[in-house]
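# have a look at this prediction, sequence included:
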Amino acid sequence: MNPEHRRGRLMGNRCMGKVFRDAVVALEQAGHRVCILHGYGDYPDHIRSDIDAISEDATQIPRILSRHETVAVVQAIHTQPTAALWYVLHKWCGDKPVFVRLHVFYRDYRLNGRVFFKGEEFVESCRKFKFFKVPPPALEFAAYLVKKAAKGSLDEIQGERLSELYSEDSTGCRQYLARLLPEAEAKGVAGAAQSGDWEAVRNQIEHLYREMIGKVDRKQPLKVLRNQLHDNSERIRRAVQPPGLLVAFLGVDGAGKSTVMANVERDLAPAFWSTKQYHGRALDSPLRWTKRVRVARQLREQEVERAATNPHALPPARNPHNKSPRRLTLSLIKLGLWWADYTFLGYLVDIYPRLRRSTLVLFDRYYQDLLVDPKRHRYGGPLWLARLVSRFFPRPDVIVLLDAPPEVLHSRKREVPLEETARQREAFLELVRKSRSGHVVDASRPVHEVVAEAEQIIIEHLAARTMRRLKL
């Protein structure tokens, strides 16, 4: 790792630690009790993943943090199978966004509708560790064991941690094991914790979880059913209000869309469960297969011809206007196919499910590109009809136009004449200024400044949407 990258990483760790500290202090000042469940040994210097916690009322956390104005909550997602809220806390560190992900159980330690531990067991017995609170060893041991059993995995490091907790309070751990498991299985886990050899437990981890949920089901059958119904209602809510974000980057060739998108994707990835980039199209649908094969064949033929005439010749510059527009009838048919192809095979099949799973979806170009540059798409139909169809196209949550003077854009890419670059730039500006979700960013500046402004636009939209959904 080079020194600059190492410094950047250390700065990021410090900023994440400060976000975590500020959030904990704000919650404590408000009298809100939070208990960090596990993995806290290196906090706040190294926060490698989500911070698992339990709170007396997790729904109040965004309200408290918004009042203190310490950190911004930019995401709030109900998660399953854990009945928890996934909060993304945000703060700026210089010109870079920093995120800390807080995974907080509602009130009880609940998995798959089953309450294994009441929330009061944690918040009333938590002990001080550095500037935050953590569970007593026996309770942390039991909760961590349930979590690993539910996931069906237990590696060596996790087994070592369980053994460490067991050694701190073996009596309390055995009491929790008796509560969670039948006698034989409880003795087996206690023996593994004492010896440090977890191989036998690892081999029967799924059986242990079945025994755990069987005990809970027998004690609280109606409560389990009610909790599962609640979890299903939250799934429906997430389908109606998907936590992902669709961002379209527009601009004339040479605006730097690909470079800016790559930086935005890297920097904002921690605020989402996943990321996905698209270039022009959402899906390689059946309507694209024949064209892809045909274009590949044409490129091979051109390469062979060029190599035969001059092996050292450079590939010719691409001209997006080198083909004439389609005739009216074919253009209208193509416009209808574009709409159906993208809306049904692209958005409904591919993009919307990603948005529902909290994906940051980034587009290099979008439908507006057809309105600005119909020649590129060989569209020969009336523009008023294309504008009408745009009303029925799935709309991006955020549109970012990367703008620069025509001379700057043309100096970067000379695929079309300067006059055409200037015309497209004005057309993009007119379209974006009329859009409620449109934003113009000066792309003539250094890349890091352009990226920072684009990220600020996206984060502010995300935070405002979260506040609306939480009714704050």
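That came through fine.

# show me the shaky parts of this structure.
Counting by pLDDT under 70, the chain has low-confidence residues at 1-9, 281-318.

# break it down into its structural domains.
Residue ranges for the domains of the chain, per automatic domain parsing: 3-238, 244-469.

# save these as TSV, and put in mean neighbour count too.
The C-beta positions use only the backbone N, C-alpha and C, and glycine is treated the same way. As requested, these are exported to TSV (neighbours: other C-beta atoms under 10 Å):
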stretch	mean neighbour count
domain 3-238	17
domain 244-469	16
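
# spatially central, which residue of the chain would that be?
Residue closest to the average C-alpha location in the chain (C-alpha atoms, centre = their mean): Phe272, at 1.5 Å.

# hang on, that one packs against Leu362?
No - look at Phe272 against Leu362 with C-beta atoms under 8 Å: they stay out of range, at 10.8 Å.

# what about the longest helix in the protein?
Taking DSSP state H as the criterion, the chain has its longest helix at helix 3-29.

# ok, for the residue nearest to the centre of the chain, nearest residue in space, not its chain neighbours?
Of all residues not flanking Phe272 in the chain, Leu360 sits nearest, at 4.4 Å (C-beta to C-beta, 6 or more residues apart in numbering).

# is it correct that that neighbour is in contact with Gly244?
Yes - assessed by C-beta under 8 Å, Leu360 is found in contact with Gly244 at 6.7 Å.

# now Phe105. Its backbone dihedrals?
phi -60, psi 140 (degrees, to the nearest 10).

# and it, how far from His78?
Using C-beta to C-beta, to the nearest Å, one gets 11 Å for the distance from Phe105 to His78.

# any common contacting residues for those two?
Common neighbours of Phe105 and His78, using C-beta atoms under 8 Å, 6 or more residues apart in numbering, are Ala84.

# could I get the full set of strands for this protein?
For the chain, strands defined by DSSP state E occupy the ranges 34-36, 51-55, 72-79, 84-93, 96-105, 109-111, 114-117, 127-129, 132-134, 245-250, 274-279, 359-364, 398-403, 438-442.

# give me the distance from the fifth one to the chain's centre.
Strand 96-105 has its C-alpha centroid displaced from the chain centroid by 11 Å (C-alpha atoms, centre = their mean, to the nearest Å).

# put the alpha carbons of it into PDB.
Extracted as PDB, the C-alpha positions of strand 96-105 are listed here (Å, rounded to 0.1, in the frame of the first residue of the first chain):
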ATOM      1  CA  LYS A  96     -15.000  12.800   1.000                       C
ATOM      2  CA  PRO A  97     -18.300  11.400   2.400                       C
ATOM      3  CA  VAL A  98     -17.900   9.000   5.300                       C
ATOM      4  CA  PHE A  99     -20.600   6.500   6.300                       C
ATOM      5  CA  VAL A 100     -21.100   4.400   9.400                       C
ATOM      6  CA  ARG A 101     -23.700   1.600   9.200                       C
ATOM      7  CA  LEU A 102     -25.700   0.900  12.300                       C
ATOM      8  CA  HIS A 103     -27.800  -2.300  12.400                       C
ATOM      9  CA  VAL A 104     -30.100  -1.800  15.400                       C
ATOM     10  CA  PHE A 105     -32.700  -4.400  16.600                       C
END
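
# strand partners (parallel or antiparallel) of it?
Paired strands of strand 96-105, with direction, are strand 51-55 (parallel), strand 84-93 (antiparallel) (DSSP bridges).

# who touches that strand?
Residues outside strand 96-105 that contact it (C-beta under 8 Å, 6+ apart): 12, 15-16, 19-20, 23, 34, 47, 49-55, 58, 61, 71, 74, 79, 82-92, 119, 267-268, 270-271, 452, 455, 459.

# what's the answer for the second one, then?
Strand 51-55 is contacted from outside by 20, 32-40, 43, 61, 100-107, 109, 119, 122-123, using C-beta under 8 Å, 6+ apart.

# so what's the closest residue to Leu431 other than its chain neighbours up against?
Spatial nearest neighbour of Leu431, excluding adjacent residues (C-beta to C-beta, 6+ apart): Gln368 at 5.4 Å. Applying C-beta under 8 Å, 6+ apart to Gln368 gives the contacts 248, 250, 390, 399, 428, 431-432.

# output those in a markdown table; the columns should cover distance to Pro137.
Putting the contacts of Gln368 into a markdown table (distance: C-beta to C-beta, whole Å) gives the following:
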| residue | distance to Pro137 |
| --- | --- |
| Ala248 | 51 |
| Leu250 | 56 |
| Ser390 | 61 |
| Ile399 | 52 |
| Phe428 | 61 |
| Leu431 | 61 |
| Val432 | 57 |
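
# which one of those residues is nearest Ala149?
Ala149 has its nearest neighbour among the contacts of Gln368 in Ala248, at 43.6 Å by C-beta to C-beta.
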